[in-house]
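A.B. asks: Kindly generate the corresponding structure for this input.
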Amino acid sequence: MYKNLFNLRKICFSWLLTFFKNTFLILVFPLFSCGIPNTTKNTVLKTNDSLVTPVSKSFKKPILTGAAQIDTYIKLLTKKNIAIVGNPTSIVFSKNKQTVHLVDTLLKHQIHIKKVFAPEHGFRGTADAGEVVKNGKDVATGLPIVSLYGKNKKPSQKMLSGIDLVVFDVQDVGARFYTYISTLHYIMEACAEAKIPVIVLDRPNPNGHYIDGPIRKAAYKSFVGLHPIPIVHGMTIGEYAQMINGEGWLQNSSLCELTVIPLKNYTHNTAYSLPVKPSPNLPNDQSINLYPSLCLFEGTRISVGRGTDLQFQIYGAPQLPKTDFSFTPVPKAGAKHPKFEYELCFGENLKNHKKLSQLNLKWLLKAYKESLNKDDFFTSFFEKLAGTDQLRKQITSGVSEKEIRASWQKDLDHFKLIRKKYLLYP
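C.D. replies: Presented below is the predicted three-dimensional model:
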């Protein structure tokens, strides 16, 4: 009897041992074979005395713009006379997700704003491309508006008199010829001379996922190409401000006292849909993505759809061959006198074209090849947009797109090394 009981206990013990052993292997083996899962932990990086939190790989958080981080920078503005460089893109979101202008937000926080500097298109963003923006007064707030796209593109020392700090908050689109980065340059230069600090509230670059195009040559320096960078630079405006300082691009290699309030939850590959159009003729994400490629047409006898509802989503001209697609530019807000006004244009509709991750030269090469008057295809503005005279020569000589791209590569590789020094985000 005792022997049978002993054997029964031995069998039960053996069964339990096998059960626990197998259970242990089932639970533990995956940890070694697949790797122990890491708990999500955002790395905090210190940049210009501000904090930036990169995007977690395991889940996505909403992008937080510099302007939205009021608690981070409000203490830097208190009890100071402030000038704002802004336009309609200078917004923050209220608790009910309504857009509120930065100026209105700061005034509500009792910040003393003395004036607003307005870039191209004006403070309210209604002026045409290239149209002179006049000084005036903001109807909503009564603040004086000082134009930086007219007689003076750089603030005079008189304009900065009595200002303790300048806050720059303008949405860029990542292209060399988009003039907001030139306005940033002249703000930093004037403030360096006046020993006035500048705070840049950073915003995402909707074309920050690639770098492409020829580097601007010194002979073609202009307001649509102040710096020796490619057409698409792949930097946020905060990163770009650091590059302006670090590369000694300001007059006499002076340095601006610069603070960048970085983005949170952002990488250069993070998709970002702009809540407010950055200028009158960039109405949506598609136009913004196509802009770096199609803007080269602005230096030709080809329309990019100004005066239509498909600005920078189409191209065409009366002298191109007749196709199934046509359009007729007419005066509209942001295009008072569009190219080929009231003329029937034939071309191509790119509204549904897939997202670009490089400059597309095919449309430019195709339009030149099909143009009935090649001698009159380019205007003198083309070299300023391209930043070089080489691209026109390559096109007129029949050089292939592949060969044109290869001619940029060495300079692009050099630029990428410089750019890397100023990046705030992966």
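
A.B. asks: Mean confidence (pLDDT) on stretch 354-372, please.
C.D. replies: Throughout stretch 354-372, pLDDT has a mean value of 97.

A.B. asks: Pull out the buried positions in it.
C.D. replies: Residues 356, 359-361, 363-365, 367-368, 371 are the ones in stretch 354-372 that count as buried (16 or more other Cβ atoms under 10 Å). In this view, the C-beta of every residue, glycine as well, is placed from N, C-alpha and C.

A.B. asks: and what of stretch 66-74?
C.D. replies: 66-70, 72-73.

A.B. asks: ok, now stretch 255-265?
C.D. replies: Residues 256, 258-265 are the ones in stretch 255-265 that count as buried (16+ other Cβ under 10 Å).

A.B. asks: Is it possible to get TSV of the residues you listed that adds pLDDT and distance to Ile181?
C.D. replies: Below are the buried residues of stretch 255-265 laid out as TSV (pLDDT from 0 to 100; distance: Cβ to Cβ, whole Å):
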residue	pLDDT	distance to Ile181
Cys256	98	14
Leu258	98	14
Thr259	98	18
Val260	98	14
Ile261	98	18
Pro262	98	17
Leu263	98	17
Lys264	97	22
Asn265	97	24
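
A.B. asks: Take the residues you listed and write them to a markdown table, including distance to Thr99 and secondary structure.
C.D. replies: Output for the buried residues of stretch 255-265, formatted as a markdown table (distance: Cβ to Cβ, whole Å; DSSP: H, G, I helix; E, B strand; the rest coil):
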| residue | distance to Thr99 | secondary structure |
| --- | --- | --- |
| Cys256 | 29 | coil |
| Leu258 | 27 | strand |
| Thr259 | 24 | strand |
| Val260 | 23 | strand |
| Ile261 | 19 | strand |
| Pro262 | 21 | coil |
| Leu263 | 18 | coil |
| Lys264 | 19 | strand |
| Asn265 | 19 | coil |
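
A.B. asks: What is the least confident helix or strand in the protein?
C.D. replies: strand 50-52 (a mean of 34; mean pLDDT, DSSP states H and E).

A.B. asks: gap between the residue nearest to Asp285 when sequence neighbours are not counted and Ile70?
C.D. replies: Sequence neighbours aside, Ser273 is the residue nearest to Asp285 in space, at 5.4 Å (criterion: Cβ to Cβ, 6 or more residues apart in numbering). Distance, Ser273 to Ile70, by Cβ to Cβ, to the nearest Å: 22 Å.

A.B. asks: Where does pLDDT dip in the stretch 1-150 of the chain?
C.D. replies: 1-59, 124-134 (pLDDT under 70).

A.B. asks: please redo it, this time with the cut-off set to 50
C.D. replies: 1-59, 125 (pLDDT under 50).

A.B. asks: What ranges does it have for its strands?
C.D. replies: Remark: strands assigned in the stretch 1-150 of the chain by DSSP state E, counting those that start in this stretch are 45-47, 50-52, 81-86, 91-93, 99-101, 112-118, 136-137, 144-147.

A.B. asks: Make a markdown table from the ones you listed and add distance to Gly225 and mean neighbour count to it.
C.D. replies: Below are these laid out as a markdown table (distance: least, Cβ to Cβ, whole Å; neighbours: other Cβ atoms under 10 Å):
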| stretch | distance to Gly225 | mean neighbour count |
| --- | --- | --- |
| strand 45-47 | 28 | 14 |
| strand 50-52 | 29 | 20 |
| strand 81-86 | 20 | 24 |
| strand 91-93 | 28 | 20 |
| strand 99-101 | 30 | 16 |
| strand 112-118 | 21 | 21 |
| strand 136-137 | 29 | 12 |
| strand 144-147 | 21 | 19 |
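
A.B. asks: Dump these to TSV, plus distance to Lys61.
C.D. replies: Rendered in TSV, the data for the strands of the stretch 1-150 of the chain read as follows (distance: least, Cβ to Cβ, whole Å):
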stretch	distance to Lys61
strand 45-47	16
strand 50-52	13
strand 81-86	26
strand 91-93	15
strand 99-101	20
strand 112-118	31
strand 136-137	40
strand 144-147	36
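
A.B. asks: hmm, back to that, residues near the residue nearest to Asp285, how many?
C.D. replies: Residues lying near Ser273 (other Cβ atoms under 10 Å) number 9.

A.B. asks: Name the nearest of the buried residues of stretch 66-74 relative to Thr236.
C.D. replies: Gly66 (9.3 Å; Cβ to Cβ).

A.B. asks: could you measure Leu364 against Asn207, distance?
C.D. replies: The gap separating Leu364 from Asn207 is 18 Å, by Cβ to Cβ.

A.B. asks: I should have written Ser326 there, sorry.
C.D. replies: 29 Å.

A.B. asks: of the two, who's got more company?
C.D. replies: Asn207 (26 against 15).

A.B. asks: Tell me if I'm right that Leu143 and Ala118 touch.
C.D. replies: No. In this structure, Leu143 is not within contact of Ala118 by Cβ atoms under 8 Å, at 10.7 Å.

A.B. asks: Please, where are all the helices along the stretch 51-200 of the chain?
C.D. replies: Using DSSP state H, counting those that start in this stretch, the helices found in the stretch 51-200 of the chain span residues 70-77, 102-108, 180-194.

A.B. asks: Can you say which of the strands of the stretch 1-150 of the chain is nearest to Arg216?
C.D. replies: It is, among the strands of the stretch 1-150 of the chain and with distance given as Cβ to Cβ, strand 81-86, at 23.1 Å.

A.B. asks: counting contacts, what elements does the closest one pack onto?
C.D. replies: helix 102-108, strand 112-118, strand 165-169, helix 180-194 (3 or more Cβ pairs under 8 Å, 6 or more residues apart in numbering; DSSP states H and E).

A.B. asks: Could you report the pLDDT at the residue nearest to Asp285?
C.D. replies: For Ser273, the predicted pLDDT is 95.

A.B. asks: sec struct for it, please.
C.D. replies: Under DSSP: H, G, I helix; E, B strand; the rest coil, the three-state class of Ser273 is coil.

A.B. asks: What does it show for phi and psi?
C.D. replies: phi -100, psi 120 (degrees, to the nearest 10).

A.B. asks: And it, how far from His233?
C.D. replies: On the measure of Cβ to Cβ, Ser273 and His233 end up 20 Å apart.

A.B. asks: Kindly report the same for Lys420.
C.D. replies: Using Cβ to Cβ, Lys420 is found at 12 Å from His233.
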